[in-house]
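S.K.: sequence-free structure coming up:
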């Protein structure tokens with residue numbers, strides 16, 4: 001617990017330093033206002049004490065007017081400070097987000113690709129993507145709330161000790177069990193919130209299945225709704241039971257704290273009354289301290305709650321620090337980059353590769369050359385290493401051994417900007433962007449976002465040229481279900497939108513990593529024929545374990561267990577009678593339209 005508290009304090013200091021780095025002026029302004037606001041409570045008690053004494057003792061009009069005016073000023077000052085603090089926090093939050101969000105996004109962009117394929121790193125990235133700026137701000141605010149409460153409590157304690165040393169001791173003795181009991185109650189609530197998170201997420205997933213169009217079709221078809229409802233209700237019952245049990249414990253602990261507060265209040269009234277009767281304190285001191293006692297318990301509960309929240313949120317700061325410590329890939333400076341021939345020749349020179357954390361190579365001594373405007377196909381069974389070649393070519397990984405040259409230049413010296421001009425990719429798991437039709441296509445070449453002719457040509461090449469005229473909003477029609485006026489495309493239309501993105505890019509090579517895996521073999525063959533007509537002046541690199549792409553390729557590389565075992569054109573490989581010929585013999589019937597009889 002001690003180490004957790006120390007780490008929490010370090011995380012709080014880190015959040016303060018991080019915010020100060022981006023908005024030093026607003027930060028120190030907010031800290032100053034918080035400190036002054038904390039001192040107002042004991043000052044108000046002291047002013048009230050003198051006002052009452054002025055009224056009771058001598059009816060000195062001048063003193064009454066002075067202390068009365070001062071009390072009103074303190075009350076107005078408290079209200080004014082609260083309002084100004086809110087404004088300052090709004091400005092601080094705005095400027096901090098403006099400065100820090102680009103840093104987080106840049107970090108996401110620079111993280112080594114291996115982190116996205118590592119399960120533990122992926123969990124960390126999921127936590128960070130939620131909203132790290134809010135976590136940092138919340139820890140900062142909670143830390144200042146604790147400091148403010150401590151200052152206010154210390155000020156009241158000093159007034160209690162000034163009135164009576166015994167009263168000060170009694171307040172501390174009763175305050176400690178109150179703090180401990182409330183702390184345990186807050187800790188149980190925090191633990192419950194953490195333990196329930198997984199069950200709540202599971203229940204949410206089950207409930208979302210009933211509003212997902214694709215999932216709902218299968219649920220109805222297989223009559224699985226009762227099973228899913230039962231599982232959801234079981235999770236709800238478990239969550240409610242845990243909440244009920246924890247609530248009982250929290251009530252018991254809070255009752256103990258309330259009892260300590262009751263004892264303290266009774267003891268304080270007794271001590272103050274006795275001191276007043278003995279003439280040890282004035283009536284003003286008595287009234288002001290009794291008034292302070294009414295909010296003293298609430299201040300302690302608020303402090304404990306702030307500490308519990310601070311401990312819970314500060315743990316998330318560690319996630320952000322771990323996120324910033326993730327390894328980054330190096331992007332060469334544009335000024336130092338050598339020019340490559342465009343379009344470029346691609347050469348793999350004895351390349352071997354193993355994934356981080358693995359002891360086994362997935363590519364073994366791979367060498368080949370791809371010339372500008374050449375159409376190449378990599379074929380082989382799943383796991384042969386085809387997609388790994390693409391990841392290396394795109395710079396997502398660096399070869400373990402060997403070199404990759406693009407236009408005679410080491411690929412590790414190639415900037416992201418240059419690589420984007422060389423390669424456009426159509427992945428098997430393409431993304432459906434629930435944005436406008438224009439943005440969906442223009443992501444292939446953002447410079448053409450407002451170039452309707454270029455967008456239309458890319459969509460025509462992909463076979464979806466009817467979409468802009470089909471909807472009233474044209475290219476600005478929202479896609480998906482996020483927007484009220486959004487329309488949901490069919491699976492085939494989404495796929496063709498991904499193709500249009502690739503066509504829009506002015507890249508030397510278009511890489512197709514099994515983009516037609518969801519199509520039936522005949523439709524796949526027809527689409528590759530369409531590719532051949534469109535990609536007349538570009539190179540093409542096609543990846544597939546099915547051979548529809550092979551016939552249109554000028555050269556085919558057959559991969560087995562991370563090695564290139566055969567290479568040549570379609571007819572040459574058939575004559576060899578090797579692995580390719582065997583695969584073709586098994587698959588050739590897929591691409592022939594004929595009636596099937598059973």
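M.R.: Yep, that arrived. This structure is a prediction, so every number in the text was calculated from the model and none was measured.

S.K.: Contacts only, for the residue nearest to residue 148 when sequence neighbours are not counted.
M.R.: Nearest-residue entry for residue 148: residue 38, 4.0 Å, with adjacent residues in sequence omitted and distances by CB to CB, 6 or more residues apart in numbering. Any C-beta I mention is one placed from the backbone N, CA and C, and that applies to glycine too. Residues counted as contacts of residue 38 (CB atoms under 8 Å, 6 or more residues apart in numbering) are 147-149, 151-152, 155.

S.K.: Columns neighbour count and distance to residue 445 on top of those residues, output as a markdown table?
M.R.: Shown next, in a markdown table, are the contacts of residue 38 (neighbours: other CB atoms under 10 Å; distance: CB to CB, whole Å):
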| residue | neighbour count | distance to residue 445 |
| --- | --- | --- |
| 147 | 16 | 52 |
| 148 | 22 | 53 |
| 149 | 21 | 56 |
| 151 | 18 | 58 |
| 152 | 22 | 59 |
| 155 | 20 | 64 |
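
S.K.: Tell me which two of the residues you listed sit farthest apart.
M.R.: Maximum pairwise distance among those (CB to CB): 12.8 Å, between 147 and 155.

S.K.: I figured residue 477 was touching residue 437, is that so?
M.R.: Yes - between residue 477 and residue 437 a contact is recorded at 5.0 Å, counting by CB atoms under 8 Å.

S.K.: Tell me which of those two has more neighbours.
M.R.: residue 437 (26 against 19; other CB atoms under 10 Å).

S.K.: residues contacting that one?
M.R.: Counting by CB under 8 Å, 6+ apart, residue 437 has contacts 467-468, 471, 474-477, 479, 497.

S.K.: switch to 7 Å and redo it
M.R.: Going by CB atoms under 7 Å, 6 or more residues apart in numbering, residue 437 touches 467-468, 475, 477, 479.

S.K.: and what of residue 152?
M.R.: Applying CB under 7 Å, 6+ apart, the residues near residue 152 are 38, 41-42, 299.

S.K.: Past the one helix or strand it maps to, which element shows up next along the chain?
M.R.: Residue 152 belongs to helix 132-163 when elements are defined using DSSP states H and E. Sequence order places helix 165-209 as the next helix or strand after helix 132-163, per DSSP H and E.

S.K.: coming back round to it: taking helix 132-163 as reference, get the angle to the strand or helix carrying the residue nearest to residue 148.
M.R.: Using DSSP H and E, residue 38 sits in helix 24-57. Helix 24-57 runs at 30 degrees relative to helix 132-163, counting by axes from the mean of the first three to the mean of the last three CA atoms, to 10 degrees.

S.K.: Grab the nearest non-local neighbour of residue 355.
M.R.: Residue 355 sits nearest to residue 362 (CB to CB, 6+ apart), 6.5 Å away.

S.K.: so the one you found makes contact with residue 353?
M.R.: Yes - distance between residue 362 and residue 353: 6.0 Å, which falls inside the contact criterion (CB atoms under 7 Å).

S.K.: okay, these two: which has more neighbours?
M.R.: Neighbour totals were compared for residue 362 and residue 353, and residue 353 leads with 22 against 18 (other CB under 10 Å).

S.K.: can you tell me which residues contact that one?
M.R.: Going by CB under 7 Å, 6+ apart, residue 353 touches 361-363, 388, 392, 397, 399-400.

S.K.: Over to residue 569?
M.R.: 554-556.

S.K.: at 6 Å instead, please
M.R.: Counting by CB atoms under 6 Å, 6 or more residues apart in numbering, residue 569 touches no other residue.

S.K.: Repeat that for residue 553.
M.R.: 375-377.

S.K.: Try it again at 8 Å.
M.R.: Counted by CB under 8 Å, 6+ apart, residue 553 has contacts 375-377, 540, 542, 569-570.

S.K.: In strands, which of those residues fall?
M.R.: Judged by DSSP state E, the contacts of residue 553 include 375-377, 540, 542 as members of strands.

S.K.: Now pLDDT and neighbour count too, for those, in CSV please.
M.R.: CSV is the format used below for the ones in strands among the contacts of residue 553 (pLDDT from 0 to 100; neighbours: other CB atoms under 10 Å):
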residue, pLDDT, neighbour count
375, 90, 21
376, 92, 23
377, 91, 26
540, 88, 23
542, 87, 26
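
S.K.: for these, which one is nearest residue 95?
M.R.: Nearest to residue 95 among those, with distances taken as CB to CB, is residue 540, at 48.0 Å.

S.K.: Leaving out the residues flanking it, which one is nearest to that closest one?
M.R.: Nearest non-adjacent residue to residue 540 (CB to CB, 6+ apart): residue 375, at 4.5 Å.

S.K.: OK, contacts around that neighbour?
M.R.: 532, 535, 539-540, 542, 552-555.

S.K.: Which phi and psi values does the nearest residue to residue 442 once chain neighbours are set aside adopt?
M.R.: Residue nearest to residue 442 in three dimensions, not counting chain neighbours: residue 449, with 4.2 Å by CB to CB, 6+ apart. The phi/psi pair for residue 449 (degrees, to the nearest 10) reads phi -60, psi -40.
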